[in-house]
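Trainee: Any chance you could fold what I've pasted below:
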Amino acid sequence: MPSAPDRTVTPDRTAATAGAKTASGADATGGPVDVVIAWVDGSDPKLTEKRNRYSGKTKVPVSSGAHPTRFASSNEIKYCVLSVLRFAPFVRNIFIVTDGQDPGLTGDLQKYFPERAGSVRIVDHTEIFDGYEEYLPTFNSISIANMIWRINGLAEKFVYFNDDTFLVRGISPEEWFVGDAPVMRGRWVPAARPRVVLDRMRKWFYRHLAGRHDYQPRASFHLGQWNAAALLGFRFRYFTNSHTPHPVGRSLVEDFFLKNDSLLRKNISFRFRDHSQFTFISLSNHLQLLNGNRNIARPAVVYLKPENRAPGYIDKKINLCESDPVIIYMCAQSLDQVEEKERMKLFSWLDGKLGL
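Mentor: Residues are numbered from 1 along each chain as shown. Predicted coordinates for the structure are as follows:
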């Protein structure tokens with residue numbers, strides 16, 4: 001496994017557009033940068049009906065991959081897209097990947113960034129699953145992420161966002177790429193073998209002693225990352241990524257999947273999350289590490305999950321974003337689980353940050 005020392009990257013963000021052109025041309029790192037955002041509106045009755053039809057046919061527990069909060073939307077996508085346009089103007093295109101839905105951003109784009117309205121395109125699952133239609137519909141973010149490199153016209157350098165992640169201050173392209181090499185945000189941690197062994201023991205107990213013959217271990221954030229690392233031969237440690245946007249070199253993952261089509265097909269065959277799956281970003285990061293990339297940076301993110309928190313929780317997170325210039329991202333999860341006034345407090349702050 002990689003033995004070369006890691007290099008901590010500290011990009012210069014003295015200006016949001018430092019050394020960069022606008023989206024109409026190449027940026028300072030020598031090529032265009034695109035953004036890909038995965039999005040779903042779980043309140044859509046058509047999608048809900050479709051999901052319920054398939055959730056009754058899967059062995060994955062609802063608490064794992066099919067819980068409604070995984071598909072809920074509180075209009076985070078609006079702030080995700082507008083934050084990219086405001087704070088990363090060098091981005092060429094923004095692709096919103098979804099299942100026959102429209103986030104309804106046309107009015108906001110025309111109002112705040114009319115010159116960039118044509119830079120935002122909705123990508124349906126049918127586009128990225130072209131030739132793999134038997135795996136649709138899918139309600140599995142892991143499976144969807146494994147296919148985003150197949151977006152038509154996607155740049156070699158792209159950044160994968162979840163729709164609940166926003167930029168909160170201006171950045172330069174070097175935050176995401178040093179030359180052509182992605183900047184990976186996270187840290188090394190010990191191998192997850194104890195978790196794997198525990199899951200196997202738990203599975204045996206429930207199936208053979210507790211009578212739950214369809215029991216499956218819960219798919220976890222870290223296990224999916226370890227599965228990718230182990231697949232590529234990492235034995236004693238793995239690089240765990242954070243809840244941040246993830247820069248990706250398209251050709252490296254494309255080459256891997258073209259050579260391992262059966263592996264790709266197996267990984268995308270689950271309509272809901274499964275504990276055996278590997279995550280796309282972890283695969284990309286570990287391929288980069290094997291390829292000699294040592295561009296590693298701190299997460300630079302404020303993570304916000306306000307459900308069942310004490311009063312003042314959101315204010316505390318906002319103050320942290322304002323006071324720490326190192327912070328460039330906020331990840332706000334499960335906003336559908338909190339009161340409207342708390343959501344509006346966050347969105348009002350974001351309105352101010354984005355100049356809306």
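Trainee: What's the end-to-end length of stretch 129-145?
Mentor: Start-to-end span of stretch 129-145 (CA to CA, to the nearest Å) is 11 Å.
Trainee: Could you count how many residues lie near the closest residue in space to residue 147 that isn't next to it in sequence?
Mentor: Leaving aside its sequence neighbours, residue 147 sits nearest to residue 128 (CB to CB, 6 or more residues apart in numbering; 4.1 Å). Glycine gets a C-beta too; all of them are placed from N, C-alpha and C. Neighbour count of residue 128, defined by other CB atoms under 10 Å: 22.
Trainee: So residue 128 is in contact with residue 145, correct?
Mentor: No. Judged on CB atoms under 8 Å, residue 128 makes no contact with residue 145 at a distance of 9.9 Å.
Trainee: ok now do the residue nearest to residue 147, which residues does it touch?
Mentor: Applying CB atoms under 8 Å, 6 or more residues apart in numbering to residue 128 gives the contacts 97, 144, 147, 148, 150, 151.
Trainee: out of those residues, which are inside strands?
Mentor: Counting by DSSP state E, the contacts of residue 128 place residue 97 in strands.
Trainee: for the contacts of residue 128, which one is nearest residue 245?
Mentor: Of all the contacts of residue 128, residue 148 has the smallest distance to residue 245: 12.9 Å, by CB to CB.
Trainee: wait, doesn't the closest one sit right on residue 38?
Mentor: Yes. Between residue 148 and residue 38 there is a contact under CB under 8 Å: 7.5 Å.
Trainee: Which neighbours do the two have in common?
Mentor: Contacts common to residue 148 and residue 38, judged by CB under 8 Å, 6+ apart, are 97, 160.
Trainee: So these two - more neighbours on which side?
Mentor: Applying other CB under 10 Å to residue 148 and residue 38 shows that residue 148 carries more neighbours, namely 21 against 18.
Trainee: quick one: contacts for that one?
Mentor: Counting by CB under 8 Å, 6+ apart, residue 148 has contacts 36, 38, 95, 97, 128, 154, 160, 280.
Trainee: cutoff 7 Å now
Mentor: Neighbour list for residue 148: 36, 97, 128, 160 [criterion: CB atoms under 7 Å, 6 or more residues apart in numbering].
Trainee: how about these, which pair is most distant?
Mentor: In the contacts of residue 148, the most distant members under the criterion CB to CB are 128 and 160, with 12.5 Å between them.
Trainee: next helix or strand past the lowest-mean-pLDDT helix or strand in the chain?
Mentor: Sorting the helices and strands of the chain by mean pLDDT, DSSP states H and E puts helix 62-65 at the bottom, at a mean of 46. Sequence order places helix 76-87 as the next helix or strand after helix 62-65, per DSSP states H and E.
Trainee: what's the average pLDDT for that following helix?
Mentor: Taken as a whole, helix 76-87 has an average pLDDT of 97.
Trainee: go on, stretch 142-157?
Mentor: Mean predicted lDDT for stretch 142-157 stands at 98.
Trainee: wait, what's in contact with the nearest residue in space to residue 251 that is not next to it in sequence?
Mentor: Distances taken as CB to CB, 6+ apart put residue 156 closest to residue 251, at 6.0 Å, once the chain neighbours are dropped. With contact set as CB under 7 Å, 6+ apart, residue 156 has these partners: 31, 249, 250, 251.
Trainee: Most neighbours among those residues, which one?
Mentor: residue 249 (21 neighbours).
Trainee: Let's see the pLDDT reported for it.
Mentor: We have a pLDDT of 98 for residue 249.
Trainee: I'd assumed residue 182 was in contact with it.
Mentor: Yes. Counting by CB atoms under 7 Å, residue 249 does reach residue 182; the two are 5.7 Å apart.
Trainee: Quick check: neighbours shared by those two?
Mentor: residue 288.
Trainee: still on that earlier bit, any idea how far the residue nearest to residue 147 lies from residue 341?
Mentor: Distance, residue 128 to residue 341, using CB to CB, to the nearest Å: 38 Å.
Trainee: where does this structure dip in pLDDT?
Mentor: Residue ranges of the chain with pLDDT under 70: 1-29, 56-74, 193-210, 213-220.
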